[in-house]
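# Can you look at this prediction? I've put the sequence above it.
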Amino acid sequence: MKRIFWLLLIILLIFAGCTSDESVADGPQIDPNLVTVEVMGASNKSISIKITNNSDMQLFYGEPYFLEYFENGKWETVEERAEGNFFYMVAYGIMPGKSTVWSANLEQRYGALSDGRYRILKHVDFQNDMGEKCAEQQISAEFEVSVRER
């Protein structure tokens, strides 16, 4: 009887996906502290951010990002400067407790930015040990652009 119990328990653990509070279908409420984003450098033409995975799951992200501008007390989408912009669809992974630096050429997609307060937005996914998507989250980092006359 004990063997059957342990065997069933092991099978349940192997086939268990996400816990109920992490289920994608349930619209998970992910703790925003599970991923921290720090601006390492930003200008009117480019940005580098450090993404840290503070969770116990593997985190995945890709190249796509969006930019917003703070104006009149709310965030507005920055319009792309030209059609035909694209992203390579790759997935980068960050193991639990690890960090990586990701960079983007803002000028290529949006043109040189004017002075102001911006934020960059990226989508990340969390996967459990079985490689199943458990949750997703949008991360963001705010930065200021100040173009000085020389």
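All right, it came through fine. Worth saying up front: this structure is predicted, and the values here are computed from it rather than measured.

# So M57 versus K133, what's the distance?
Distance of M57 to K133, given as CB to CB, to the nearest Å: 10 Å. C-betas here are computed from N, CA, C, even on glycine.

# Next: T77.
Going from T77 to K133 by CB to CB gives 26 Å.

# Looking at the two, which one has more neighbours?
Counted by other CB atoms under 10 Å, T77 and K133 do not tie: K133 has more neighbours, with 16 against 10.

# Quick check, that one in contact with V124.
No: K133 lies out of contact with V124 (CB atoms under 8 Å); the separation is 10.9 Å.

# related to what we said a few turns ago, mind listing the shared neighbours of M57 and K133?
Common contacts of M57 and K133 (CB atoms under 8 Å, 6 or more residues apart in numbering): F126, Q127.

# What is the helix or strand containing Q138 packed up against?
Secondary structure from DSSP states H and E places Q138 in strand 133-145. Where contact means 3 or more CB pairs under 8 Å, 6 or more residues apart in numbering; DSSP states H and E, strand 133-145 is packed against strand 35-42, strand 46-53, strand 116-127.

# okay, these in JSON lines with mean neighbour count next?
Converted to JSON lines, these look like this (neighbours: other CB atoms under 10 Å):
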{"stretch": "strand 35-42", "mean neighbour count": "16"}
{"stretch": "strand 46-53", "mean neighbour count": "18"}
{"stretch": "strand 116-127", "mean neighbour count": "18"}
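
# Run a quick check on E68 versus R117, I expect a contact.
No: counting by CB under 8 Å, E68 stays clear of R117, with 9.4 Å between them.
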